[in-house]
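S.K.: Provided below are the primary sequence and the corresponding predicted coordinates.
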Amino acid sequence: MTKMYPFEPAEAPPEYRGIPRIDPVLCIGCGACANACPPNAILRIDDPESGMRRIVLDVGRCIRCARCEEVCPTGAARLTAEFEAATDDRRDHVEVVELKLARCRNCGRYTHYTERQVAKVLSLIPRGILDFDRVREKLPLCSECKLKLTVLNATKFGEGE
Amino acid sequence: MKSLWVFHVNTGACNGCDIEILDVLTPYYDVERLGVKLVPTPRHAHALLVTGPLTRQAYHAARMAYEAMPPKPRLVIAVGTCACSGGIFHDSYALRREHRESFEYPLRGGASEFLPVHLYIPGCPPRPEEILYGIALLKNIVEKKVRGSWFSESAFVLPRESFNAWVEVLLRARIRKELGYFDGYPLLRRFMELVESSESKEELEKLVQKAISEESDSRLRYGLEKLYSYYLEVVRTYESILAAKRALVRLPK
Ligand code: SF4
Ligand code: SF4
Ligand code: SF4
């Protein structure tokens, strides 16, 4: 029997790999998906002027391998069961999640990670193992300030004892 | 337009998409219901069905096929991710493409590199329904379903509180090794719900045993057992580190 499909709805089987989506409520902007994606369908674009990071997913480049779902630490990137992605305009295929970059607490410039990444990392430290407040104090540092701090600490080594 | 006669050109596709086009022509999907016919020469075609990421060799032939088509309507349909944007082959040495900044989006490549494309059907390969949907979209039978979206600093949710979030990260790596992401991650979500809903260790053990006995899939039973033993391991490690730290602090200086 011929399938009636465009005239009646069709569903994909449950294990079907449909088009991926990023959940903006869960995404922390870490860029793990952009690193893993084989055809570079996900880009991580940092804009130091406006202090924003954009995670750009292009469904029209995606081969639906689910690597993004596998590596995403928060479960934000997921393959849906949707498959009706045909369009006449490629801009319909683009999903952008824009997140704020954290500011360095020392020099005030933008760091290479987002505020949500800081929040996520802090939420992962179990209480009692590390000194929670000291980590929180140090955390948003840009790479240059971190470098300086490390050198400073190294020169101080042994003075205290 | 009532009927669409198409000429199919493969510009370097891996054949996955071409096989799906054959699928669409079988009696089960029967694209000829929609008036679509595959014709053997571009001179009879309304539309050029392009698959593949556009290799340098195929470029000239595809160009000639396009120019041989009647000037109206001269539609171009890109089938597959490769034809839409270059797909997995987007940075291959064999492709014909312009040099572009890598941060432009929508990403370009494939058929749009040299032809005005009227319909993009992404998928690697697109399933027959996707191709049928695309053709139906071209004939205005169905509505367009995808839309571009832009989210800027919306609400933010951290799914779990500190200790359980840490446990989840550790268990996640383990369960991915045991079961893979497809079965493993949903199972981990189920397990973490059990952890969060239980007040004490004894209660968790009971809940896990109950879940294991109710599960019919033996792989998931195995996964649950593993998750529970890893969970106990993580908790033991945490408690021993904590005890060691307490002992250190109590030491007289
Ligand atoms: S891996 Fe997940 S959390 Fe990280 S940027 Fe991608 S979608 Fe967002
Ligand atoms: S499914 Fe694969 S190709 Fe598609 S966005 Fe995720 S990692 Fe990239
Ligand atoms: S989109 Fe995928 S299946 Fe189609 S030609 Fe490209 S690699 Fe092959």
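M.R.: Structure's in. What do you need? Ligands and ions are numbered 1, 2, ... in the order given.
S.K.: pull the distance from the helix of greatest length in chain B to the chain's centre.
M.R.: Ranked by residue count and defined by DSSP state H, the top helix of chain B is helix B:162-197. The chain centroid and the centroid of helix B:162-197 are separated by 22 Å under Cα atoms, centre = their mean, to the nearest Å.
S.K.: pLDDT of that helix, averaged?
M.R.: For helix B:162-197, the mean per-residue pLDDT is 90.
S.K.: touching the helix or strand of chain A with the lowest mean pLDDT from outside, list them.
M.R.: In chain A, the helix or strand scored least confidently by mean pLDDT, DSSP states H and E is helix A:132-138, which has a mean of 70. With contact meaning Cβ atoms under 8 Å, 6 or more residues apart in numbering or on different chains, helix A:132-138 is reached by A:Arg105, A:Leu122, A:Ile125. Quick note: C-beta positions are derived from backbone N, CA and C, even for glycine.
S.K.: and the longest helix of chain B, which residues are buried?
M.R.: Residues of helix B:162-197 classed as buried: B:163-168, B:170-172, B:174-176, B:179, B:181, B:183-185, B:187-188, B:191-192, B:194-195 (neighbour count, 16 or more other Cβ atoms under 10 Å in any protein chain shown).
S.K.: and for stretch A:119-137?
M.R.: Those would be A:Lys120, A:Ser123, A:Leu124, A:Ile125, A:Pro126, for stretch A:119-137 by 16+ other Cβ under 10 Å.
S.K.: tell me if I'm right that A:Leu29 and A:Ala119 touch.
M.R.: Small correction: residue A:29 is Gly, not Leu. No - counting by Cβ atoms under 8 Å, A:Ala119 is not a contact partner of A:Gly29; they are 11.0 Å apart.
S.K.: wait, what's in contact with the closest residue to ligand 1 within the stretch 1-150 of chain B?
M.R.: Ranking the residues of the stretch 1-150 of chain B by distance to ligand 1 (Cβ to the nearest ligand atom) places B:Ser149 first, at 13.8 Å. Applying Cβ under 8 Å, 6+ apart, we find B:Ser149 in contact with A:Val94, A:Glu95, A:Val96.
S.K.: on that earlier part again, can you tell me which of the buried residues of stretch A:119-137 lies nearest to B:Lys139?
M.R.: Checking those against B:Lys139 by Cβ to Cβ gives A:Lys120 as the nearest, at 47.0 Å.
S.K.: elements contacting the helix or strand encompassing that closest one?
M.R.: Using DSSP states H and E, A:Lys120 maps to helix A:115-124. With contacts taken as 3 or more Cβ pairs under 8 Å, 6 or more residues apart in numbering or on different chains; DSSP states H and E, helix A:115-124 sits against strand A:94-103, helix A:132-138, helix B:162-197.
S.K.: contacts with ligand 1 among the contacts of helix A:132-138, please.
M.R.: Among those, not one lies near ligand 1 by Cβ under 6 Å from any ligand atom.
S.K.: can you verify A:Cys27 is assigned to a helix?
M.R.: No - counting by DSSP: H, G, I helix; E, B strand; the rest coil, A:Cys27 falls outside a helix, being coil.
S.K.: so where's chain A uncertain?
M.R.: A:131-133, A:157-161 (pLDDT under 70).
S.K.: the closest residue to ligand 2 within the stretch 151-253 of chain B: what's it in contact with?
M.R.: Ligand 2 sits closest to B:Tyr181 of the stretch 151-253 of chain B, with a gap of 11.3 Å, by Cβ to the nearest ligand atom. Residues near B:Tyr181 by Cβ under 8 Å, 6+ apart: A:Ala66, A:Glu69, A:Glu70.
S.K.: quick check: A:Ala119 vs ligand 1, distance?
M.R.: To ligand 1, A:Ala119 is 12 Å away according to Cβ to the nearest ligand atom, to the nearest Å.
S.K.: and that residue, what does it touch?
M.R.: Here A:Ala119 is in contact with A:Ile28, B:Phe156, B:Leu158 (criterion: Cβ under 8 Å, 6+ apart).
S.K.: ok, the last one - contacts?
M.R.: Counting by Cβ under 8 Å, 6+ apart, B:Leu158 touches A:Ala119, A:Lys120, A:Ser123, B:Ala165.
S.K.: what does the stretch 101-250 of chain B put close to ligand 3?
M.R.: Going by Cβ under 6 Å from any ligand atom, the residues of the stretch 101-250 of chain B near ligand 3 are B:Cys124, B:Pro125.
S.K.: quick one: the strands in the stretch 101-250 of chain B?
M.R.: B:119-121, B:149-152 (DSSP state E, counting those that start in this stretch).
S.K.: which of those is buried the deepest?
M.R.: The highest average neighbour count among the strands of the stretch 101-250 of chain B, using mean count of other Cβ atoms under 10 Å in any protein chain shown, belongs to strand B:119-121 at a mean of 27.
S.K.: give me the distance from it to the chain's centre.
M.R.: Distance, centroid of strand B:119-121 to centroid of chain: 17 Å (Cα atoms, centre = their mean).
S.K.: who are the packing partners of it?
M.R.: By 3+ Cβ pairs under 8 Å, 6+ apart, strand B:119-121 packs against strand B:75-79, helix B:81-85, helix B:128-138.
S.K.: export the first one to CSV, keeping only CA atoms.
M.R.: In CSV, the C-alpha atoms belonging to strand B:75-79 read as follows (Å, rounded to 0.1, in the frame of the first residue of the first chain):
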residue,chain,number,x,y,z
LEU,B,75,14.2,25.3,-10.4
VAL,B,76,17.1,23.8,-8.4
ILE,B,77,16.4,21.4,-5.5
ALA,B,78,19.3,20.5,-3.2
VAL,B,79,18.8,17.1,-1.7
